[in-house]
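K.L.:
show me the folded form of this:
(chains A and B)
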Amino acid sequence: MTDLSAQPGPALVSPAQSIYVTSPAMKRRNAAETRFRAYGLVAIALSLTMLALMLVTIFRDGTSSFFQARLGYPVELSEKVLDPKGNRNRDEMAKVTTVGYGKVLAAGLMAELERQKIDLGGLKPKEVAELISKDAAGSLRAMVLADPALIGSTIDASVFAAGRIDGYLKGRVTLESAKLDSNISPEQLHLADRMRAAGLLGSGWNWEFFTNPDASDQRPEAAGLGVALLGSLYLMILVAVMCVPVGVAASIYLEEFAPKNTLTDAIEVNVSNLAAVPSIVYGILGLSIFINVLGLPQSSSLVGALVISLMTLPTIIIATRASIRAVPPSIRDAALGVGASKMQTVFHHVLPLAMPGILTGTILGLAAGLGQSAPLLLIGMVAFVDNHPSVPVEGFLDPATALPVQIYTWVTRSDPAFVERSNGAIIVLLAFLVTMNLLAILLRRKFERRW
Amino acid sequence: MSFFKLSASTVAILAASTVIASARDQIQVTGSSTVLPYATIVAEAFGENFDFPSPVVEGGGSGAGRKKLCEGVGETTVDIANSSSRISKSDLELCATNGVAEVMEVRIGYDGIVFASDVAGADFAFTPSDIYGALAAKVAKDGALVDNAAATWADVNASLPAQDILALIPGTKHGTREVFDVKVIEAGCKATGALDLFLATAEGADDKEKEKAAKAMCLELRTDGKSVDIDGDYTETLARLDADKKAVGVFGLSFYQNNTDKLKVATIDGIVPATETIASGDYPVSRPLYFYVKKAHIGVIPGLKEYIEFFVSDEMAGPDGPLAEYGLVSDPELAKTQAEVAAETPMGPLE
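P.N.:
Numbers count the residues shown, from 1 in each chain, chains lettered A, B, ... in the order given. You can find the predicted model right below:
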């Protein structure tokens, strides 16, 4: 110590300048840092703007699909039209098609307009009937066939208004556009205004958007997400059931038991490679193996789930292995030290500690699978499916679609009303994904342990 | 480890139930995206009015649909392929090798292809020659073939508006492109005299091959960005047209009829496209629409026969039916088709 203080070496020579006085080098370094921060801010601002733009457009165009224009008026279910023989025999009543029921609905509307003395504005009865959704006749027919006692009575019908009327109430269709539109005339819109004033036409919350199946191009107002939501739910259940046990078992073996040799290295590399394979490839695999060789039913959620499982497995394995590896070796050593077997160590100590990571990885993998549509294209799930799949387990074999698929099919439809529907479906899908991601974060927060 | 047991038993039940669930009870339809809306309208009405479940209808393209139809016979193969062009010899050969012996051909009606521009823009009255003159790579000028230099429609035909040429045409994977090529470009090629000039330079062993080569040269379109292939659906064409109001797009008649508030239709040879002018054959750019049924599945898949009979019935495909309302041009010979369907007549060999 004394030697040192007696002979101060060159290293301890006080700096030529104080660090409070900026040298050119220091200036450069400071400038570089300021620039770097600015770049970061710009990057974040840019991505936030993009996100905001996307969300704003989607919500602007899509929220209206949760509301729906409806006509409410009394309809007389005349026996003469609906059950000409008068014997309430279901098979004979089934001969009356939706055309007959459409006439009953139209006649009811005309009668109500006359009763309330609403001016038709020179419209013919056929043009007035065009205000009623084409879907209404089918719903009424199903209702009457299920309960023939309704015949002869007068019921208070609440039916969808036609898509263009719905668009008028939402501001998508205007008197200007109606002049050029071959599907609606300004006179019909004026009549709609008068009916609205009389309380025959109104807008309300649209539960059917969540329960109805898809509808054809002629009745966008009746199209709903029922089949797609059920399909996505079935997919998620099946993918979770198939992926989690396989994925966790594979990762535990690879991480804790497998000998470190070339074979395990090769497997490891290939698992990472599989995670990067484009999803459409799994669709091709699904078509050729599950449908053509194993003969599983086309368009079913089971085949869809098998395909998405293949796709999600590598992600789950990678996440699970990472969280198993994050468990400190001291835990294993302690367990082994008090005489636990290797398997007891893994299942009693390592796995519970790794669980939050495994759950997060799995939920994120499932969420990615939920957003997939490309692999479903080849196995026939990108389709028009009009019947809800039945209750599991048979329901897993029924044809179904999925949320992203429904968005895609609606975007390609010619009627502009479907644009609103697909934006509404995007909102529902986003809500699903946000919920799943939130769940992942909450689970991690709840179970996370720090060492 | 109850979760493992639970999932293991679920997988086992699934495996068992796939064996039990033998008979498919809904019809599977695939094919042309042009026929798709019509097929969904029929499928929906079928589900409403019959005690069978609604058929599952897929799009994906005519060619792909016909290939799927010809994959074989059995529960896992499709029953019906929609098609916007006629089945080809190679398709039928594929069918035969895979054991699909008898295929029924059902013509459901006609579909018009229209040229349309922004509703606020100029009026267009085209002839096939105008379209050829504007879009072809080489055009006839003073008896010689020269590179197409037309910049505005008025350069091609003085009676057209002096608006920059920009045409949005269907990509080559679409069935619509085939009709566009044959009925518009080839017709225009012939009418402007370019075909004769191509014939003079064409190489080939005999006249037939020379003609084929010349026609192929006709179909070469300019690549300087004035003719744009749209590989997506008509909704994409509409979006592009919305972004560039000067463009002229090619649409199906039904798509145009659903968007008359945004689009203005052009006449061809002075004829306005409409269901009447297409049915009468006056409007030149139209094509028949078909679907093909695997005859071996009739009687096996419940409701198949009822579905095809319902499809071609007067209440659906007739001139006052919902399909005509949506834009399908009703087939004047519908009664003949109905009789063929009722008798389950398979199609004969292609000529």
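K.L.:
where does the chain dip in pLDDT?
P.N.:
Since no chain was named, I'll use chain A. Applying pLDDT under 70 to chain A flags the ranges A:1-17, A:450-451.
K.L.:
sorry, I should have been clearer: chain B.
P.N.:
B:1-23, B:173, B:351.
K.L.:
quick one: the strand ranked longest in it to chain centroid distance?
P.N.:
Secondary structure of chain B per DSSP state E: the longest strand is strand B:103-118. Put simply, strand B:103-118 sits 6 Å off its chain's centre (Cα atoms, centre = their mean, to the nearest Å).
K.L.:
what's the answer for stretch B:45-58, then?
P.N.:
Counting by Cα atoms, centre = their mean, stretch B:45-58 is centred 23 Å from the centre of its parent chain.
K.L.:
sorry, back to before: helix or strand right after the longest strand of chain B?
P.N.:
strand B:125-126 (DSSP states H and E).
K.L.:
for the residue nearest to residue B:50 when sequence neighbours are not counted, helix, strand, or coil?
P.N.:
Leaving out its chain neighbours, the residue that sits closest to residue B:50 by Cβ to Cβ, 6 or more residues apart in numbering or on different chains is residue B:306, at 6.0 Å. (Glycine included, C-beta is placed from N, CA and C.) Of the three states, residue B:306 takes helix under DSSP: H, G, I helix; E, B strand; the rest coil.
K.L.:
please work out how many residues are found near residue B:306.
P.N.:
Other residues near residue B:306 number 15, with proximity taken as other Cβ atoms under 10 Å in any protein chain shown.
K.L.:
from memory it sits against residue B:55, does it?
P.N.:
No. Counting by Cβ atoms under 8 Å, residue B:55 is not a contact partner of residue B:306; they are 10.6 Å apart.
K.L.:
common neighbours of those two, please.
P.N.:
Common contact partners of residue B:306 and residue B:55 (Cβ atoms under 8 Å, 6 or more residues apart in numbering or on different chains): residue B:46.
K.L.:
what parts of the stretch 101-250 of chain B come near chain A?
P.N.:
B:119, B:232-235 (Cβ under 8 Å from any Cβ of the partner chain).
K.L.:
give me the buried entries from these.
P.N.:
Buried subset of these (neighbour count, 16 or more other Cβ atoms under 10 Å in any protein chain shown): B:233-235.
K.L.:
restricted to helices, list those residues.
P.N.:
In this view, those that belong to helices under DSSP state H are B:234-235.
K.L.:
so which of the buried ones among the residues of the stretch 101-250 of chain B next to chain A comes closest to chain A?
P.N.:
Nearest to chain A among these is residue B:233, at 4.4 Å by Cβ to the nearest Cβ.
K.L.:
given the biggest strand by length in chain A, what are its sheet partners and their directions?
P.N.:
As assigned by DSSP E, the longest strand anywhere in chain A is strand A:67-76. Using DSSP bridges, strand A:67-76 pairs in its sheet with strand A:154-160 (antiparallel), strand A:201-205 (antiparallel).
K.L.:
now for the residue of the stretch 1-150 of chain A found nearest chain B, how many residues are close by?
P.N.:
At 3.8 Å from chain B, residue A:138 is the closest residue in the stretch 1-150 of chain A, using Cβ to the nearest Cβ. Other residues near residue A:138 number 22, with proximity taken as other Cβ under 10 Å.
K.L.:
what do you get for residue B:207?
P.N.:
10.
K.L.:
repeat for residue A:93
P.N.:
As a burial measure, residue A:93 scores 18 neighbours (other Cβ under 10 Å).
K.L.:
and the chain, what are its domain boundaries?
P.N.:
Went with chain A since none was named. If you go by automatic domain parsing, the domain ranges for chain A are A:66-207, A:226-447.
K.L.:
wait, I meant chain B there
P.N.:
Taken from automatic domain parsing, chain B resolves into B:2-110+B:288-342, B:122-244.
K.L.:
next helix or strand past the longest strand of chain A?
P.N.:
helix A:79-82.
K.L.:
using CSV, list the CA coordinates for the helix or strand following that following helix.
P.N.:
Note on helix A:79-82: by DSSP H and E, the next helix or strand toward the C-terminus is helix A:90-93. Below are the C-alpha coordinates for helix A:90-93, written out as CSV (Å, rounded to 0.1, in the frame of the first residue of the first chain):
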residue,chain,number,x,y,z
ARG,A,90,-96.2,-34.2,-40.3
ASP,A,91,-95.3,-36.0,-43.5
GLU,A,92,-98.2,-34.3,-45.4
MET,A,93,-97.5,-30.9,-43.9
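K.L.:
helix A:90-93 near chain B anywhere?
P.N.:
No. Helix A:90-93 stays clear of chain B (Cβ under 8 Å from any Cβ), getting no nearer than 9.2 Å.
K.L.:
tell me what angle whatever helix or strand comes next after that helix forms with strand A:67-76.
P.N.:
For helix A:90-93, the following helix or strand on the C-terminal side (DSSP H and E) is helix A:98-115. Computed by axes from the mean of the first three to the mean of the last three Cα atoms, to 10 degrees, the angle separating helix A:98-115 from strand A:67-76 equals 90 degrees.
K.L.:
could you give me the buried positions within the following helix or strand past helix A:98-115?
P.N.:
For helix A:98-115, the following helix or strand on the C-terminal side (DSSP H and E) is helix A:125-129. Residues A:127-129 are the ones in helix A:125-129 that count as buried (16+ other Cβ under 10 Å).
K.L.:
ok, back up a step: mind giving me CSV with the strands paired with strand A:67-76 and columns for mean neighbour count?
P.N.:
Shown next, in CSV, are the strands paired with strand A:67-76 (neighbours: other Cβ atoms under 10 Å in any protein chain shown):
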stretch, mean neighbour count
strand A:154-160, 16
strand A:201-205, 15
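K.L.:
grab the nearest non-local neighbour of the residue nearest to the spatial centre of chain B.
P.N.:
The centre of chain B sits closest to residue B:84, judged by Cα atoms, centre = their mean, with a distance of 3.5 Å. If the residues on either side of it in the chain are set aside, residue B:84 comes closest to residue B:175, at 3.7 Å by Cβ to Cβ, 6+ apart.
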